[in-house]
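K.L.:
Sequence and predicted model, in that order:
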Amino acid sequence: MTPTAVTREDVLQFHLGGKVGLALPRPVKTPRDLCLAYTPGVAMAVKELAAHPERSFEITARSNLVAVVSDGTAILGLGDLGALASVPVMEGKAVLFKSFGDVDGWPVPLARCRKGGQDIGPTDPQRVIDCVAALAPMYGGINLEDIAAPACFEIEDRLDAMLDIPVFHDDQWGTAVITLAGLMNYARLADRRLVDLRVVINGAGAAGIRIADMCKAAGVRDLVICDTKGTVRSDRTDLNDHKRRHAAATRARTLAEALAGAHVFIGVSAANCLSSDDVKSMGSFPAIFAMANPDPEIRPEAVAVALAGKPYVMATGRSDFANQINNVLGFPFLFRGALDVRARTINTAMKVAAAEALANLARQPVPADVQALYPHEQLAFGTGYIIPKPFDRRLFVEISFAVAQAAVKSGAAPAADLAAVRARLERRNTERR
């Protein structure tokens, strides 16, 4: 598939004026509208909320509004460039929320202490927690983005515990949900159970840790994580709490040693760290999920040469190769489903349900309009198609409903008429065409 060529000038021209704005569901066009929207009428709405705070989800924008929060310490593959530099990404996230999930997202960049006009220093978890908690009354959910590990773990965990709205760090969980969907379909193609897979993850940051969490929640038992010092082993004394949870009793010391005979490689690390010999050492019918961006841990062409004539699954984080592990397949619909049943959190059951629904959708016949957008790919379930494409409009209903259903079933949301929830999703999806 040929990538779409864009120049620096194209990108900056596209960003002129920003990528988000304000759409008014009730425009003010008459004197009466003005009275209803603001003084004197607004006072009645204020009094109603003061007496009945729970109605904030009915008479404000809160029920469909998500804050996209970042301090800019871990921007995409660019690193720590500060809150201001993060804004194009946060605006982009808001665009994806609206375009795919019909969720209103709004960028909330949080500056750290300032010196010489620049953000400096590591994330202060308490400061981020205090800021997000202070602005939470306006929002129905919080999407944390591009906050460096290990602070991101503490921030998400504490905010999720203290707030009564979903808090979701997409860098931790988004990739994990989509990866699990791909892993489920790989296991089906290879005729293996998740419990029987040998999985090796390279990269022990936010994404790697949460991929391990999701894999184990779905049934994977034999899993080894590697960091810059080698395998995360139970005999190491330099592990943080999150790595220690996944420390394995293994004799393998290096990534290469861990991969010998493994079924699955999952990379959320660095470009070109996987060799052809590493791939050849893996078990029969392997899966290579090389998701470093913009350059994967190993190029698909190199894998094709190394495994010539043998079955395998190859996935990357890039849109110019088959099987893109793309977070846009997750977060818009996780929040859509959570918001629609007023969930208090996005728990493991909801994430696994999203992964299962994604995996199932990839096994269904692909609509002609989706296939037309990808003329160079054959979109039929198999080694080259284990993950749905982002422009498949069925995602809006199927993933969102699976999340809503799991939220109610697991107790993360109050009882709801799920048939009515699905009907509303289907109607909303039709109206968006």
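P.N.:
Received it, and whenever you're ready, just let me know what you need.
K.L.:
Which helix or strand contains Val69?
P.N.:
With elements taken from DSSP states H and E, the one containing Val69 is strand 65-70.
K.L.:
just the CA coordinates of that strand, formatted as CSV?
P.N.:
Below are the C-alpha coordinates for strand 65-70, written out as CSV (Å, rounded to 0.1, in the frame of the first residue of the first chain):
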residue,chain,number,x,y,z
LEU,A,65,-17.9,16.0,26.7
VAL,A,66,-14.5,14.6,27.3
ALA,A,67,-11.4,16.5,28.5
VAL,A,68,-8.2,15.5,26.5
VAL,A,69,-5.5,16.2,29.1
SER,A,70,-1.8,16.3,28.6
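K.L.:
what is the mean pLDDT for the helix or strand following that strand?
P.N.:
Per DSSP H and E, strand 65-70 leads on to helix 83-101 as the next helix or strand towards the C-terminus. Confidence for helix 83-101, expressed as mean pLDDT, is 96.
K.L.:
could I have helix 83-101 exported to PDB, CA atoms only?
P.N.:
Output of helix 83-101 as PDB, limited to C-alpha atoms (Å, rounded to 0.1, in the frame of the first residue of the first chain):
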ATOM      1  CA  ALA A  83       2.200  21.400  27.100                       C
ATOM      2  CA  LEU A  84       2.000  24.000  24.400                       C
ATOM      3  CA  ALA A  85       3.700  21.700  21.800                       C
ATOM      4  CA  SER A  86       1.200  19.000  22.700                       C
ATOM      5  CA  VAL A  87      -1.800  21.000  21.500                       C
ATOM      6  CA  PRO A  88      -1.900  19.900  17.900                       C
ATOM      7  CA  VAL A  89      -2.000  16.300  19.100                       C
ATOM      8  CA  MET A  90      -4.700  17.000  21.700                       C
ATOM      9  CA  GLU A  91      -6.700  18.900  19.000                       C
ATOM     10  CA  GLY A  92      -6.200  15.900  16.700                       C
ATOM     11  CA  LYS A  93      -7.500  13.600  19.400                       C
ATOM     12  CA  ALA A  94     -10.600  15.800  19.800                       C
ATOM     13  CA  VAL A  95     -11.100  15.500  16.000                       C
ATOM     14  CA  LEU A  96     -11.000  11.700  16.200                       C
ATOM     15  CA  PHE A  97     -13.300  11.600  19.200                       C
ATOM     16  CA  LYS A  98     -15.900  13.600  17.200                       C
ATOM     17  CA  SER A  99     -15.300  12.000  13.800                       C
ATOM     18  CA  PHE A 100     -15.500   8.400  14.900                       C
ATOM     19  CA  GLY A 101     -17.300   8.300  18.200                       C
END
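K.L.:
circling back: strand partners (parallel or antiparallel) of the strand holding Val69?
P.N.:
Each strand paired with strand 65-70, and its direction, by DSSP bridges: strand 104-109 (parallel), strand 141-144 (parallel).
K.L.:
Point out the most buried one among these.
P.N.:
Comparing the strands paired with strand 65-70 by mean neighbour count (mean count of other CB atoms under 10 Å), strand 141-144 comes out on top with a mean of 27. C-beta here means a position set from N, CA and C on the backbone, and glycine is covered the same way.
K.L.:
Outside of the very next helix or strand once past that one itself, list whatever touches it.
P.N.:
Following strand 141-144 in sequence order, the next helix or strand is helix 151-162 (DSSP H and E). Under the criterion CB atoms under 8 Å, 6 or more residues apart in numbering, residues 73-74, 122-125, 128-129, 132-133, 142, 144, 147, 166-169, 171-172, 206, 209, 242, 345 lie in contact with helix 151-162.
K.L.:
Let's see that with 7 Å instead.
P.N.:
The contact list for helix 151-162 (CB atoms under 7 Å, 6 or more residues apart in numbering) reads 122-123, 125, 128-129, 132-133, 142, 144, 147, 167, 169, 171-172, 206, 242, 345.
K.L.:
buried ones in that helix?
P.N.:
By neighbour count on 16 or more other CB atoms under 10 Å, the buried set for helix 151-162 is Ala151, Cys152, Phe153, Glu154, Ile155, Glu156, Arg158, Leu159, Asp160.
K.L.:
So which helix or strand of this protein has the lowest pLDDT on average?
P.N.:
strand 114-115 (a mean of 66; mean pLDDT, DSSP states H and E).
K.L.:
related to what we said a few turns ago, can you put the strands paired with strand 65-70 in CSV and add distance to Cys35?
P.N.:
Listed next are the strands paired with strand 65-70 as CSV, based on distance: least, CB to CB, whole Å:
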stretch, distance to Cys35
strand 104-109, 25
strand 141-144, 32
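K.L.:
Looking at those strands, which is nearest to Val177?
P.N.:
Val177 sits nearest to strand 141-144 of all these, at 13.6 Å, using CB to CB.
K.L.:
Give me the distance between the closest one and the centre of its chain.
P.N.:
Mean-position distance between strand 141-144 and its chain equals 11 Å (CA atoms, centre = their mean, to the nearest Å).
K.L.:
Mind telling me which residue is nearest the centre of this structure?
P.N.:
Centroid-nearest residue in the chain, with CA atoms, centre = their mean: Gly174, separated by 1.9 Å.
K.L.:
so that residue sits in a helix?
P.N.:
Yes - per DSSP: H, G, I helix; E, B strand; the rest coil, Gly174 lies within a helix segment.
K.L.:
I'd assumed Ala271 was in contact with Asn202.
P.N.:
No - using CB atoms under 7 Å as the test, Asn202 is too far from Ala271 to be in contact (11.7 Å).
K.L.:
can you list residues touching both of the two?
P.N.:
Here Asn202 and Ala271 have Glu297 as joint contacts, going by CB under 7 Å, 6+ apart.
K.L.:
Which one of those two is surrounded by more residues?
P.N.:
Asn202 (27 against 16; other CB atoms under 10 Å).
K.L.:
sorry, back to before: show me which of the contacts of helix 151-162 are buried.
P.N.:
Listed as buried from the contacts of helix 151-162 are 123, 125, 128-129, 132, 142, 144, 147, 167, 169, 171-172, 206, 242, 345; burial here means 16+ other CB under 10 Å.
K.L.:
can you name the two of the buried residues of helix 151-162 that are farthest apart?
P.N.:
Ala151 and Asp160 (14.7 Å).
K.L.:
Give me the contact list for the strand holding Val69.
P.N.:
Outside of strand 65-70, the residues within contact range by CB under 7 Å, 6+ apart are 83, 86, 90, 93-94, 97, 103-110, 132, 135, 138-147, 335.
K.L.:
sorry, back to before: what's the burial count for the residue lying closest to the residue nearest to the centre of the chain once chain neighbours are set aside?
P.N.:
Excluding the flanking residues, the one nearest Gly174 by CB to CB, 6 or more residues apart in numbering is Asn327, at 3.6 Å. For Asn327, the count of nearby residues is 21 (other CB under 10 Å).
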